[in-house]
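Peer 1: 3D model of this:
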Amino acid sequence: MITLWVVASALVGFGYSQWAVNNGLEIPISAIALSLSTALIGIILFVMAVPIWKYKRNLVKVSDNRPKLLPVNPFYAVRVLTLAKAAAITSGMFIGWHGGVVIKQLTAPVVVQESMTSNITAIIAAVFLLVVAFVVEQICKLPSDKTKDV
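Peer 2: Got it, this is the predicted structure:
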């Protein structure tokens, strides 16, 4: 699913860049603030998933003589999972858009190094967010039930 978003937004990014150049406009360049905020969102998302991860890790270690763990609020876990899914889709769109723009920049007769660096940095930040989103989705999965109904 994310691959479709990446490909579709890459086509849109390349197409818009081509249209802009053909009409005398500049190729779009992302500000460094976009890269920083994308990476910051990834860090915040991971921090939000830490309580869920700690609970799942300690759930395995709990024995009969130890006190039971307080469970994580399921509504909180669903919100973190929803945020992770939204971050994955959004970062996929960012990767595609900036990828399409970078491809257009590589095929342009004149390339400004600063604009390439800015767009490549945005791709790296979006990949970071995508990886964090996938990790958080795995953290939020319910543990497998070892007991099966007979």
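
Peer 1: and Ala133, what pLDDT?
Peer 2: Listed pLDDT for Ala133 reads 97.

Peer 1: again but with Val111, I slipped
Peer 2: So, for Val111, pLDDT stands at 73.

Peer 1: confirm for me that Val102 is in contact with Ser118.
Peer 2: No - with contact defined as C-beta atoms under 8 Å, Val102 does not count as touching Ser118 (10.1 Å). Any C-beta I mention is one placed from the backbone N, CA and C, and that applies to glycine too.

Peer 1: so between those two, which is more surrounded?
Peer 2: The residue with more neighbours, out of Val102 and Ser118, is Val102; 21 against 18, by other C-beta atoms under 10 Å.

Peer 1: where in the chain is the helix or strand with the lowest mean pLDDT?
Peer 2: helix 32-61 (a mean of 90; mean pLDDT, DSSP states H and E).

Peer 1: now do the contacts for the closest residue in space to Ser30 that isn't next to it in sequence.
Peer 2: Excluding the flanking residues, the one nearest Ser30 by C-beta to C-beta, 6 or more residues apart in numbering is Ala122, at 4.4 Å. Going by C-beta atoms under 8 Å, 6 or more residues apart in numbering, Ala122 touches 30, 34-35, 38, 94, 98.

Peer 1: over to Val132?
Peer 2: Here Val132 is in contact with 42-43, 45-46, 84, 87 (C-beta under 8 Å, 6+ apart).

Peer 1: buried subset of the residues you listed, written for ChimeraX?
Peer 2: Listed next is the ChimeraX selection for buried residues among the contacts of Val132, using 16 or more other C-beta atoms under 10 Å:
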select :42,45,46,84,87
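
Peer 1: of the contacts of Val132, closest to Asn22?
Peer 2: Ala87 (33.7 Å; C-beta to C-beta).

Peer 1: mind checking the SS state of that closest one?
Peer 2: helix (DSSP: H, G, I helix; E, B strand; the rest coil).

Peer 1: distance of the nearest residue to it once chain neighbours are set aside from Asn23?
Peer 2: Spatial nearest neighbour of Ala87, chain neighbours left out: Ala133 (4.2 Å); criterion: C-beta to C-beta, 6+ apart. Ala133 sits 35 Å away from Asn23, going by C-beta to C-beta, to the nearest Å.
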